[in-house]
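Colleague: the following block contains a protein sequence and its predicted model.
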Amino acid sequence: MKKSEKKSCIISVSADKGVYRHIKIGMNKKLRDLSEEILYAFGFDDDHAHAFFMNNILWDEIAAYYDARLEDDHNTTDIRLSELGITTGMKFLYLFDFGDEWVFRCKVLKTQDGDDGKITVIKSVGEAPVQYPYYDENSDDRDGYDDRYDDEEDEDPGIFEFPPAETDDILYDAAFRYYREKPWKKLHEDEIFAVKLSSGEIGYCNVLGRGGDYISVDIFIGQKGWDCLSSFMNGMNSSKYEINDLHSGFEYLITADIIKCEFSKLAFIDSNALASAKEAARKRNITLRKYYPVFERYTPYHIPTPLYDKQEQADLALVLDAACYISGVRSDGLIMVVPDENGFHTEPAEIPEVTEPVYEKPYVRTRLLPKKGTLECRLVHIPEPVVVEGDDIPVYPVILAAVSVEDKIPVDTKLFERFDAEKIARDFARCFKDTAPETILVSDDRTAALLGNICESMEITLKKTQELPVLDMEMSRLMTDLLRSGDEDGSISKEELSSALDGLTKASLEELMLTLRECTPKELSTLPDELIWALSELSELPRELKKKINKALDLKA
């Protein structure tokens, strides 16, 4: 270990006169870690981009380090404090949220030998500024309040409208208590706790929110729920998994059997749920500024529905209060939160064994063909739900995506409304007329099982690998095409921008850059979230265009 990695420093971070926090942090930590701790220390949600200006001059590019979403080189995820020449008395600026421009002034109070590996707030003085005020209806203290959050009808036109759920007051009361106490600021996403539900099954619960602006409490039910949650947590902890990866996050989510309380932004709530949340807040003299509580039921491979079941509503209310309680309790291992006459107490809980999934291995009649080239294959659910006859809830259709590694040409496979292993395998085998691939690469066990017998009978080598770069690139374009939405008023051509994205393989990057330069951040913010994220992840874009896209993301938030 390098000598610098055994050192730490104490940094004073000031939000305003008389409002500051002293943070102890190891020199081996990254600027991104310091960013997270500053936001945690002041009670801010980590829902916008950030930057550090190490020469203490705002917007000076000479010593600037930006959020990794903005900058490939010199970003805060890569740079460690030990690389910055940290010395006692050094001053620098931390900028959070390029829209509201929260500026925190930082000063290194002390450098010292030794590092226990923890980042700690060792002193806290003054009441932190409120990032998103939670106003009382009768309060006159509404300076800076943006009324558009109350009246805005910027709903996603793709939201499926369900009949309204009659939500019990106990659930709204618990949700508002939860939001007021903000336990997600104390709990990490991997701090799982258990609660015995009214059905007699165990609900395995986790709290999301500390790492970003997605705030929710999720209940995974029974053994299948534990299996799903374990898979999700293992994926998040994998070096190959990124929470912003559309395919990975979506596939984990739609396989889950979950009861969920989510605090959503206006644009992602259907009108019935929005009306219910506003009425519940009005009855309690609360004005909701940014987030609205939504209660949902997730059933595997179906779109989420409102939480209609009254007993499940009571279970969710119990878990919301249990999450507030557990945020003040520290314990090793899995613990059970048990209600009692005084509120709650905890008991040790047994950690279940993970049940390995069993995947179908359909048999399909095939014939031997000459072999040539390599395919990358993966089963993918498309995030564009379809209504299936005989099902009250729209489902996510599935496709066996396959792309030639050599010429990057997709195999012409069908889109299926439901997963049917035999039909999908048969359709795939019929794609090979005169030649078959010599090798097929897959990245997951489900796809490997589906193709196992085909590859064996056709003498194709089936290999499992962690990454499918060619397929991922093609699927990104497919997702962009499926998720884009037209703009009726003609204020900005979303179709042209999407077409430019689709045509990147035809060397039309210049066309895309020209389109982006002609759009303002406000115009870009009208695009679907997935499309803006796809733009932000294009490594070929110059720095100024990435900043414009990030500004659009901030405006959308």
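Modeller: Good, I have the coordinates. These figures come from a predicted structure and were not determined experimentally.
Colleague: walk me through the domains of the chain.
Modeller: The chain breaks down by automatic domain parsing into domains covering 3-125, 153-348, 374-470, 484-556.
Colleague: can you put the ones you listed in CSV and add mean neighbour count and distance to residue 361?
Modeller: From N, CA and C alone the C-beta is placed, and that goes for glycine too. Output for the domains of the chain, formatted as CSV (neighbours: other CB atoms under 10 Å; distance: least, CB to CB, whole Å):
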stretch, mean neighbour count, distance to residue 361
domain 3-125, 17, 40
domain 153-348, 17, 19
domain 374-470, 17, 5
domain 484-556, 16, 33
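Colleague: worst mean pLDDT among those domains?
Modeller: Mean pLDDT is lowest for domain 484-556 among those, at a mean of 58.
Colleague: wait, residue 53 touches residue 74, no?
Modeller: No. Counting by CB atoms under 8 Å, residue 53 sits too far from residue 74 to count as a contact (11.8 Å).
Colleague: where's residue 123, which helix or strand?
Modeller: According to DSSP states H and E, residue 123 maps onto strand 120-125.
Colleague: what about that strand, distance to the chain center?
Modeller: Centre-to-centre, strand 120-125 and its host chain are 29 Å apart (CA atoms, centre = their mean, to the nearest Å).
Colleague: against which helices or strands is that strand packed?
Modeller: strand 19-26, helix 31-41 (3 or more CB pairs under 8 Å, 6 or more residues apart in numbering; DSSP states H and E).
Colleague: mind listing the strands it pairs with, and their directions?
Modeller: Take DSSP bridges as the rule and strand 120-125 pairs in its sheet with strand 19-26 (antiparallel).
Colleague: between the strand it pairs with and helix 31-41, how many degrees?
Modeller: 140 degrees (axes from the mean of the first three to the mean of the last three CA atoms, to 10 degrees).
Colleague: ok, residues contacting strand 19-26?
Modeller: Here strand 19-26 makes contact (CB atoms under 8 Å, 6 or more residues apart in numbering) with 5, 7-14, 33-34, 37-38, 41-42, 81, 109, 115-129.
Colleague: check stretch 106-120 too.
Modeller: Everything outside stretch 106-120 that qualifies as a contact, by CB under 8 Å, 6+ apart, is 5-14, 22-29, 33-34, 37, 86-94.
Colleague: try 7 Å this time
Modeller: 6-13, 22-29, 33, 37, 86-94 (CB atoms under 7 Å, 6 or more residues apart in numbering).
Colleague: just the terminal-to-terminal distance for stretch 263-273.
Modeller: 12 Å (CA to CA, to the nearest Å).
Colleague: what secondary structure does residue 462 sit in?
Modeller: strand (DSSP: H, G, I helix; E, B strand; the rest coil).
Colleague: run me through the strand neighbours of the longest strand along the chain, direction for each.
Modeller: The strand that spans the most residues within the chain, counting by DSSP state E, is strand 102-113. Here strand 102-113 is paired, per DSSP bridges, with strand 7-16 (antiparallel), strand 91-96 (antiparallel).
Colleague: looking at the ones you listed, which is nearest to residue 375?
Modeller: Checking those against residue 375 by CB to CB gives strand 91-96 as the closest, at 44.8 Å.
Colleague: who touches that closest one?
Modeller: 13, 35, 38-39, 44, 48, 50-54, 56, 58, 101-107.
Colleague: ok now that strand, how far from the chain's centre?
Modeller: Using CA atoms, centre = their mean, the offset of strand 91-96 from its chain centre is 26 Å.
Colleague: now do the same for residue 363: its pLDDT.
Modeller: So, for residue 363, pLDDT stands at 91.
Colleague: residues near it, how many?
Modeller: Neighbourhood size, residue 363 [other CB atoms under 10 Å]: 13.
Colleague: do the one 10 residues further on as well
Modeller: The tally of other residues near residue 373 (other CB under 10 Å) stands at 13.
Colleague: ok, now which ones touch it?
Modeller: Per CB under 7 Å, 6+ apart, neighbours of residue 373: 404, 405, 406, 437, 438.
Colleague: again, only using 6 Å
Modeller: 404, 406, 437 (CB atoms under 6 Å, 6 or more residues apart in numbering).
Colleague: keep only those of those that are in strands.
Modeller: residue 404.
Colleague: so can I have JSON lines of the contacts of residue 373 showing distance to residue 314?
Modeller: Shown next, in JSON lines, are the contacts of residue 373 (distance: CB to CB, whole Å):
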{"residue": "404", "distance to residue 314": "53"}
{"residue": "406", "distance to residue 314": "57"}
{"residue": "437", "distance to residue 314": "54"}
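Colleague: relative to residue 536, which of the contacts of residue 373 is nearest.
Modeller: Looking across the contacts of residue 373 and measuring by CB to CB, the closest to residue 536 is residue 404, at 28.2 Å.
Colleague: still on that earlier bit, which one of the strands paired with strand 102-113 lies closest to residue 342?
Modeller: strand 7-16 (37.0 Å).
Colleague: contacts for that closest one?
Modeller: 20-24, 26-27, 38, 42, 86, 104-113, 115, 129.
Colleague: could you rerun that using 7 Å?
Modeller: 20-27, 38, 41-42, 86, 94, 104-115, 122, 128-129.
Colleague: dump the domains of the chain into TSV; add distance to residue 362 as well.
Modeller: Shown next, in TSV, are these (distance: least, CB to CB, whole Å):
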stretch	distance to residue 362
domain 3-125	41
domain 153-348	18
domain 374-470	4
domain 484-556	32
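Colleague: do a quick rundown of the strands in the stretch 101-250 of the chain.
Modeller: 102-113, 120-125, 193-196, 202-208, 215-221 (DSSP state E, counting those that start in this stretch).
Colleague: as TSV, the ones you listed with distance to residue 299 would be great.
Modeller: What follows is the strands of the stretch 101-250 of the chain, written out as TSV (distance: least, CB to CB, whole Å):
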stretch	distance to residue 299
strand 102-113	40
strand 120-125	41
strand 193-196	20
strand 202-208	16
strand 215-221	11
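Colleague: relative to residue 347, which of those strands is closest?
Modeller: Here strand 193-196 is closest among the strands of the stretch 101-250 of the chain (CB to CB), at 9.2 Å.
Colleague: elements contacting the closest one?
Modeller: Under the contact criterion of 3 or more CB pairs under 7 Å, 6 or more residues apart in numbering; DSSP states H and E, strand 193-196 touches strand 202-208, helix 310-326, strand 335-340.
Colleague: hmm, back to that, nearest to residue 356, of the contacts of residue 373?
Modeller: residue 437 (28.3 Å).
Colleague: wait, isn't that closest one in contact with residue 370?
Modeller: No. The pair residue 437 / residue 370 is not scored as a contact, 10.6 Å apart, by CB atoms under 7 Å.
Colleague: leaving out chain neighbours, which residue sits closest to residue 411?
Modeller: If the residues on either side of it in the chain are set aside, residue 411 comes closest to residue 402, at 3.9 Å by CB to CB, 6 or more residues apart in numbering.
Colleague: for residue 216, same thing?
Modeller: That would be residue 262: by CB to CB, 6+ apart, it lies 4.1 Å from residue 216.
Colleague: check which helix or strand that neighbour maps to.
Modeller: Judged by DSSP H and E, residue 262 forms part of strand 258-265.
Colleague: got a list of contacts for that strand?
Modeller: With CB under 7 Å, 6+ apart, strand 258-265 has contacts from 175, 179, 215-220, 290-298, 307, 312, 315-316, 320.
Colleague: paired strands for it, with orientation please.
Modeller: Using DSSP bridges, the strands paired with strand 258-265 in its sheet are strand 215-221 (antiparallel), strand 291-298 (antiparallel).
Colleague: downstream neighbour of it in the secondary structure list?
Modeller: By DSSP H and E, the next helix or strand past strand 258-265 is helix 271-283.
Colleague: what's that next one packed up against?
Modeller: Helices and strands touching helix 271-283, by 3+ CB pairs under 7 Å, 6+ apart, are strand 291-298.
Colleague: the strand it packs on versus helix 310-326: what angle between them?
Modeller: Using the same axes, to 10 degrees: strand 291-298 against helix 310-326 is 120 degrees.
Colleague: so that it lines up with my notes, have the first residue be 105 from now on.
Modeller: With 105 as the first residue, the last one maps to strand 395-402.
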